[in-house]
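S.K.: Fold the stuff below for me.
(2 chains)
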Amino acid sequence: MVNLASYLSIAAILFCLGLFGVLTKRNAVIVLLSIELMLNAVNLNLVAFSKYGLFPGLDGQVFTLFSLTVAAAEASVGLAILIALFRNRGTAEVNEMDLMKR
Amino acid sequence: MTAYIWLIPVLPLLVFLFLIGFGSRLKQAAGYLASLAVAVSFVLSLYVLAEQWMMAGSFVRQVSWLTAGETTFSVGLEVNRLNALMLGIVSFVSLLVHIYSLGYMQGDERYGTYFAYLALFTFSMLGLVLSPNLLQTYIFWELVGLSSFLLIGFWYFKPEAREAAKKAFLMTRVGDVALFAGMILLFWQVGSFQFSEIFAAVDAGKIPSGMVTLTAILIFIGAMGKSGQFPLHTWLPDAMEGPTPVSALIHAATMVAAGVYLVARTYPLFEASETALLVVAAVGGFTAIFAASIGLVQTDIKRVLAYSTVSQLGYMMLALGAAGYTAAVFHLGTHAFFKALLFLAAGAVIHALHTQDIREMGGLWRKMPLTGWVFLIGALAISGIPPFAGYFSKEEILLATWESGHPFLFWLALAAVFFTSFYMFRLYFMVFAGAPQKEGLIRPIGREMSVPMIILAILSVVAGWVNTPWSHGLASWLSADQLTTSYAAPAFNGWITVLSVLLALGGIGLAFLMYYREALSPARLADRFSAVYQVLLNKYWIDELYRVTVVWLAVQMGRLLQWIDRWIISGLVALAGMLAAGVGRLGAGLQTGQVQTAHLVSVVGLVVLLLILTLGGVWL
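M.R.: Got it, this is the predicted structure:
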């Protein structure tokens, strides 16, 4: 039986995987990918609630489209920044990007 | 015209403000401006005095200043006979000193500042005299103290002048604290600072008699500080470090007489307490003889005059304590004239010779005849030789003391007459007679210096005639104030007059023998009575006594407080600072710059927050 709980569980697992990636991975590209994973977990929640929630409707799915668009834009900006950083500093390792401290 | 009385003190104030700003650019004009303003004040004061002389009534004008609770404090001015007389004396002597200073201070670097301070003093003193209540009196009382401080330390590059200014400020402050305490006690008892209301309360017996005595004595301690009465007298001789015209105006004629004026102004309070009167009389009588005895052996011309001032102020206090109200006010007036004259003449001598040591002077009679003449007149006046002014006022004091039933104080005062004439003529013979001790250029004195001296010399002769034993003009005139019942002059007593004049002549004669004829050698006398001589020369070691007691105590206390401040107070402050710095360092350690660490912390924070919200919902 497929119900709200299973969708939410999948979304939670996805979110945690993404969070783990964000917090542990050294490579900035992987970190970006993990962020996308977390975003998609959220999108999944939206869709699940839109179908099985208290007030089913299309709102959640429409919002998902918006959030996908925003995520795409964000990913492109993020990648652009990453490339610029790589050119400047010759590395894509997150732990070496510690300019905030200095 | 009475509507313009407020201009009398305000004009010098305006000049002070102007000269403080632009005095240095005006050069010579600064002096003329200040003199002009004081001259206008003098003319107005003279008008007020004339009006009072024509038997106009006294009046009070005031506006409310501030309201605290149900009490309204007011400022304003009061004119009565006593005030009018003081107004005249103060503005007149001030004007003469201003004019004299035009010559005396010529070429001084801070010429403009000098006149600014002098104007500030004139403002404060005139304001003090016009005050209708104790609070305003106190404010001006402190202002005259401030201007005295500024003028004593006017030549601040001299270390002695700096020290003297500080000493004067601190010593008078001792008295002022007592005055302040007395004032607060009176306010507590009466609920008003107004002189008239205080007197009414005293008259009606609303204040317990012990309290009357206490407040009167506290006010008298304030007066002692200002008037240089024993034991608060040591600042006055040191104050001679200031320019000589300042000594003449502030430390001889007016400010030091403010103590006498204050006691006279609050006389009903003193009259209500036998004890207070006795204290005033005893302190005054003792100071009179004490200071005069020190004056016998001093060698600095200005210091001799300073001790003489202390002694004469003691006479005035003695008169007040002996119910000789008129005598005290009378002596205040005559003393203002002849002592200012003596100081101005001494200033002319110092101006000419550039020394203050009388052992280096001599034979000036030929070179400075005018100064010699006026000094002689001043010396005769202060010695109490008829018909000079000092004779009449001193006579009144002696008579009042005799009648009041203090025979011991009377004999002290009589002895002081002898001392006074001796040290004055010792000074006179050493400075003006004999052979010149120091060859050198005698700087001529200008007309702006000689004219004030001549005017004061004339007054030193005639000022006594307003209140002669056969017509008590001043007494009956002053009695219109109805401050007290003791206006009435004491009965004339032939033998006292004869005795005092003989004593004065004896003092002159002894000085003549010792310092002119040199029949008696002062050095041999000093040898014979070397113990007495040393005591007098060292001013009874009062300064030294203070240094090892009060000053030592104050310094140790200051050290202790400084230690507490440095180690305890500053320590606490430093501790607080170190605490903040430590917390900051700890926080800085958390900040690694690693974006993932920061993220982890925020996630943990979020989780903790969620946990609290879900589990601990009950508390929220």
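S.K.: Past whichever strand or helix holds B:V263, which element shows up next along the chain?
M.R.: Per DSSP states H and E, B:V263 falls inside helix B:257-265. Scanning forward in sequence from helix B:257-265 by DSSP H and E, the next helix or strand is helix B:267-271.
S.K.: okay, now B:S471: neighbour count?
M.R.: When neighbours are defined as other C-beta atoms under 10 Å in any protein chain shown, B:S471 has 12 of them. Where C-beta positions appear, they are placed from N, C-alpha and C, glycine not excepted.
S.K.: any idea how far it is from chain A?
M.R.: Noted for B:S471: a distance of 100 Å to chain A, by C-beta to the nearest C-beta, to the nearest Å.
S.K.: Beta-bridge partners for that residue, please?
M.R.: Here B:S471 sits in beta bridges with B:T468, going by DSSP bridges.
S.K.: Number of residues surrounding the residue of the stretch 201-350 of chain B found nearest chain A?
M.R.: For the stretch 201-350 of chain B and chain A, the shortest gap (C-beta to the nearest C-beta) falls at B:E241, measuring 64.4 Å. Using other C-beta under 10 Å, B:E241 is surrounded by 23 other residues.
S.K.: what do you get for the one 4 residues further on?
M.R.: The tally of other residues near B:P245 (other C-beta under 10 Å) stands at 27.
S.K.: what about the helix or strand it falls within, average pLDDT?
M.R.: B:P245 is part of helix B:244-248 when elements are defined by DSSP H and E. Throughout helix B:244-248, pLDDT has a mean value of 88.
S.K.: How far does that helix sit from its chain's centre?
M.R.: Centre-to-centre, helix B:244-248 and its host chain are 12 Å apart (C-alpha atoms, centre = their mean, to the nearest Å).
S.K.: helices or strands up against that helix?
M.R.: helix B:81-104, helix B:301-321, helix B:325-353 (3 or more C-beta pairs under 8 Å, 6 or more residues apart in numbering or on different chains; DSSP states H and E).
S.K.: can you rerun that using 10 Å?
M.R.: Contacts defined by 3 or more C-beta pairs under 10 Å, 6 or more residues apart in numbering or on different chains; DSSP states H and E place helix B:244-248 against helix B:81-104, helix B:111-130, helix B:134-152, helix B:301-321, helix B:325-353, helix B:447-462.
S.K.: would you turn those helices into CSV with mean pLDDT and distance to B:P159?
M.R.: Shown next, in CSV, are the helices and strands packed on helix B:244-248 (pLDDT from 0 to 100; distance: least, C-beta to C-beta, whole Å):
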stretch, mean pLDDT, distance to B:P159
helix B:81-104, 89, 22
helix B:111-130, 90, 20
helix B:134-152, 91, 13
helix B:301-321, 89, 17
helix B:325-353, 88, 19
helix B:447-462, 87, 28
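S.K.: Can I get those helices in a markdown table including distance to B:V550 and mean neighbour count?
M.R.: Output for these, formatted as a markdown table (distance: least, C-beta to C-beta, whole Å; neighbours: other C-beta atoms under 10 Å in any protein chain shown):
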| stretch | distance to B:V550 | mean neighbour count |
| --- | --- | --- |
| helix B:81-104 | 32 | 26 |
| helix B:111-130 | 28 | 27 |
| helix B:134-152 | 19 | 22 |
| helix B:301-321 | 19 | 29 |
| helix B:325-353 | 29 | 28 |
| helix B:447-462 | 38 | 20 |
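S.K.: can I get those helices in a markdown table with distance to chain A?
M.R.: Formatted as a markdown table, the helices and strands packed on helix B:244-248 follow (distance: least, C-beta to the nearest C-beta, whole Å):
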| stretch | distance to chain A |
| --- | --- |
| helix B:81-104 | 70 |
| helix B:111-130 | 58 |
| helix B:134-152 | 58 |
| helix B:301-321 | 73 |
| helix B:325-353 | 74 |
| helix B:447-462 | 77 |
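S.K.: how near is the nearest residue to A:L68 once chain neighbours are set aside to A:F63?
M.R.: Closest residue to A:L68 apart from its sequence neighbours, by C-beta to C-beta, 6 or more residues apart in numbering or on different chains: A:N43 at 6.7 Å. Distance check for A:N43 against A:F63: by C-beta to C-beta, to the nearest Å, it reads 9 Å.
S.K.: Equivalent analysis for B:V63, please.
M.R.: Distance, B:V63 to A:F63, using C-beta to C-beta: 77 Å.
S.K.: Name the residue in those two with the higher neighbour count.
M.R.: Shown here are B:V63 and A:F63; by other C-beta under 10 Å, A:F63 has more neighbours (16 against 7).
S.K.: Helix or strand: which one has that one?
M.R.: Taking DSSP H and E as the definition, one finds A:F63 inside helix A:59-89.
S.K.: What helices and strands are in contact with that helix?
M.R.: Against helix A:59-89 (3+ C-beta pairs under 10 Å, 6+ apart) you get helix A:28-52.
S.K.: now for the helix it packs on, which elements pack on it?
M.R.: By 3+ C-beta pairs under 10 Å, 6+ apart, helix A:28-52 packs against helix A:4-24, helix A:59-89, helix B:595-615.
S.K.: B:F338 is nearest to which of those?
M.R.: Among the helices and strands packed on helix A:28-52, the nearest to B:F338 by C-beta to C-beta is helix B:595-615 (90.1 Å).
S.K.: Counting neighbours, what do you get for the residue of chain B found nearest chain A?
M.R.: For chain B, the residue closest to chain A is B:G593, as judged by C-beta to the nearest C-beta, at 2.5 Å. Applying the criterion other C-beta under 10 Å, we find 13 residues in the vicinity of B:G593.
S.K.: Just the pLDDT for it.
M.R.: Reading off the model, B:G593 has pLDDT 76.
S.K.: now B:L620
M.R.: If you check B:L620, the pLDDT there is 53.
S.K.: go on, B:A168?
M.R.: B:A168 is given a pLDDT of 89.
S.K.: wait, doesn't it sit right on B:H233?
M.R.: No: B:A168 lies out of contact with B:H233 (C-beta atoms under 10 Å); the separation is 11.3 Å.
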